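# What follows is a protein structure lacking sequence information:
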RNA sequence: GCCCCGAUGGUGUAGUGGCCUAUCAUGCAGCCCUGUCGAGGCUGCGACCCGGGUUCAAAUCCCGGUCGGGGCGCCA
């Protein structure tokens, strides 16, 4: 690991080498940090936030940061307008500045005896400068401070929190994860869809919905794209996925729940639960291996912060395929053998999941749940019975350690079973006719899953709370910012 | 929704009835330093969540409120 004495101030988190110039800059800071050797002697214009201004008298070292990286500007009193020099010498942190100057190699820092001299870094020797916007002092949360800041304070000031390098890196990773996931699904023939988020009635039952008024009609925010993605499959779209919001009016308050979250859903025709578990593990494997080979710089930035806070560094360990399958029957057995108090037919609680995680710390599927614990749209084979003779379903979960990432399954495509399941769960099939009608004219057997994007990100980034990896999280007590 | 815990400068903290005119770090302001880079040195600034109560005396104890944290349930 890199020495803490030399934080990687100029670490680059984003490849911006092919970004086009804009009205405010010819190059990004990250670009110059990477391509500095080709740019030495060239005049460039850059813009960014003033991270710190050091030096007095006739010199000033201004560390600038934009969304791509950091770079030092070197200002000499006799090389530019004196008033501007003085105002930048005493500029407040986070003010935005535009600098024009020539790229030069930095003088190497003094290093303690015996330590290697670091590779060359680059700076801009300023010939002109302009303050674009001054920052008030003090900042409500420090961008480069070493002091810990609580999540609640950070979320109240998310616009500043996002400027912190490791937070920026986490959100870049979020974008990468979605992009690699899309990339994989498109390769397997899936097409991206969007389903309505304003709905007339419960789409699954179970959780509470947020009520709203749709002109003169009562309506709800969708808790899941479930029924609509199935209708897309029944309509012959073969393989679909959606990355979109889901809303649940549950008053839960944990590190892994939000009332608005992004669900990554797929649905696949002519497939059973095993088929879509395959899609999922291949997709996750693709995401992990892409991040491991292409985005180690982002992981490094996160680790730089974690180490400074005396937290354990994270590593992207590409999981082996296939993921272990721990059937519900097996899970009950494992929990019981470890002294957990659980009976067949009980839900697997968090402390039970801890016991399973002792044997399967990484990704693992838990297939074949009892039918009575699964929603009405989950399929069952009549002759598949659990350890106590109860009906099993083709529903599954994907867990990482103790945390549930996904729930999915083969869907019930036989309309008479579907209606019976609804009745068994105390629901009226007539209320679901918009859905069940889709099954009356020849239905393709199909399967799918829904994955919590923030939960997956939590695993990848080492975040201890889904709120960390959601830009503006919505929980029981937070609706702003 | 249930159970536990907490609230002190901008931020993060120390504090267990009188040693509190409240600790430390960071920040902010000012001064010194013409190659800094975890910059350094010096001088300042800035806080006990709100309302009630107990007590000679409350940051500290009690009650209520508000806000927050952890765990659980439920789920993704």
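All right, it came through fine. Just so it is clear, the structure is predicted and the values come from calculations on it, not from any experiment. Numbers count the residues shown, from 1 in each chain, chains lettered A, B, ... in the order given.
# quick one: low-confidence ranges for chain A?
Scanning chain A with the threshold set as pLDDT under 70 gives A:1-12, A:112-114, A:202-207.
# now the helices for it?
A:29-39, A:82-89, A:151-156, A:158-161, A:165-187, A:226-234, A:273-294, A:296-308, A:328-337, A:350-359, A:415-424, A:433-436, A:453-461 (DSSP state H).
# Remind me what the last one packs against, helices and strands.
When you say that, I think you mean helix A:453-461. helix A:165-187, strand A:260-269, helix A:273-294, strand A:395-400, strand A:403-410 (3 or more CB pairs under 8 Å, 6 or more residues apart in numbering; DSSP states H and E). All C-beta spots, glycine's among them, are computed from the backbone N, C-alpha and C.
# Go ahead and name everything in contact with the shortest one.
This means strand A:395-400. A:273, A:277, A:280, A:323, A:353, A:356-357, A:360, A:362-369, A:373-375, A:378, A:404-410, A:449, A:451, A:455-456, A:459 (CB atoms under 8 Å, 6 or more residues apart in numbering).
# returning to what we had before: which one of the helices and strands packed on helix A:453-461 is the most hemmed in?
Across the helices and strands packed on helix A:453-461, the average number of neighbours (mean count of other CB atoms under 10 Å) peaks for strand A:395-400, which reaches a mean of 24.
# Just give me how far that strand sits from the chain centre.
Centroid separation for strand A:395-400 versus its chain: 19 Å, with CA atoms, centre = their mean, to the nearest Å.
# Can you list the strands that it pairs with?
Here strand A:395-400 has these sheet partners by DSSP bridges: strand A:363-367 (antiparallel), strand A:403-410 (antiparallel).
# follow-up on the earlier one: the helices of chain A into JSON lines, with extra columns for distance to residue A:63?
Listed next are those as JSON lines, based on distance: least, CB to CB, whole Å:
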{"stretch": "helix A:29-39", "distance to residue A:63": "10"}
{"stretch": "helix A:82-89", "distance to residue A:63": "12"}
{"stretch": "helix A:151-156", "distance to residue A:63": "22"}
{"stretch": "helix A:158-161", "distance to residue A:63": "17"}
{"stretch": "helix A:165-187", "distance to residue A:63": "12"}
{"stretch": "helix A:226-234", "distance to residue A:63": "48"}
{"stretch": "helix A:273-294", "distance to residue A:63": "27"}
{"stretch": "helix A:296-308", "distance to residue A:63": "16"}
{"stretch": "helix A:328-337", "distance to residue A:63": "52"}
{"stretch": "helix A:350-359", "distance to residue A:63": "43"}
{"stretch": "helix A:415-424", "distance to residue A:63": "62"}
{"stretch": "helix A:433-436", "distance to residue A:63": "57"}
{"stretch": "helix A:453-461", "distance to residue A:63": "25"}
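# Of all those helices, which one is nearest residue A:66?
Among the helices of chain A, the nearest to residue A:66 by CB to CB is helix A:29-39 (4.8 Å).
# Now do the closest one: which elements does it pack against?
So helix A:29-39, by 3+ CB pairs under 8 Å, 6+ apart, packs with strand A:43-54, strand A:59-66, strand A:69-76, strand A:96-105, strand A:122-133.
# check whether the second one contacts RNA strand B.
Yes. Counting by CB under 7 Å from any atom of the strand, contacts between strand A:59-66 and RNA strand B involve A:59, A:61.
# and what of the last one?
Yes. Judged by CB under 7 Å from any atom of the strand, strand A:122-133 and RNA strand B are in contact via A:123, A:125.
# Go through that strand and flag the buried ones.
Residues A:122-126, A:129-131 are the ones in strand A:122-133 that count as buried (16 or more other CB atoms under 10 Å).
# Mean neighbour count, the helices and strands packed on helix A:29-39: which tops it?
Of those, strand A:69-76 is the most buried (mean count of other CB under 10 Å), at a mean of 22.
# For residue A:442, find the nearest of the helices and strands packed on helix A:453-461.
strand A:260-269 (11.8 Å).
# Which strands and helices lie in contact with the closest one?
Contact partners of strand A:260-269 among helices and strands, from 3+ CB pairs under 8 Å, 6+ apart: helix A:165-187, helix A:226-234, strand A:239-247, helix A:273-294, strand A:446-452, helix A:453-461.
# can you tell me which of these comes nearest to RNA strand B?
Each of these was scored for nearness to RNA strand B using CB to the nearest atom of the strand, and the closest is strand A:446-452 (3.4 Å).
# Is that closest one positioned near RNA strand B?
Yes. Counting by CB under 7 Å from any atom of the strand, RNA strand B is contacted by strand A:446-452 at A:450-452.
# Kindly report the same for stretch A:29-49.
No. Judged by CB under 7 Å from any atom of the strand, stretch A:29-49 stays clear of RNA strand B, getting no closer than 12.1 Å.
# How about stretch A:171-184?
No. Judged by CB under 7 Å from any atom of the strand, stretch A:171-184 stays clear of RNA strand B, getting no closer than 13.9 Å.
# would a markdown table of the strands paired with strand A:395-400 with distance to RNA strand B be doable?
Putting the strands paired with strand A:395-400 into a markdown table (distance: least, CB to the nearest atom of the strand, whole Å) gives the following:
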| stretch | distance to RNA strand B |
| --- | --- |
| strand A:363-367 | 11 |
| strand A:403-410 | 3 |
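# Spatially nearest residue to residue A:128, not counting backbone neighbours?
residue A:100 (4.7 Å; CB to CB, 6 or more residues apart in numbering).
# Quick one: residues in contact with stretch A:129-142.
So stretch A:129-142 is contacted by A:24, A:47, A:49-50, A:73, A:75, A:80-81, A:84-85, A:87-88, A:91-100, A:149, A:153-154, A:156-157, A:160-161 (CB under 8 Å, 6+ apart).
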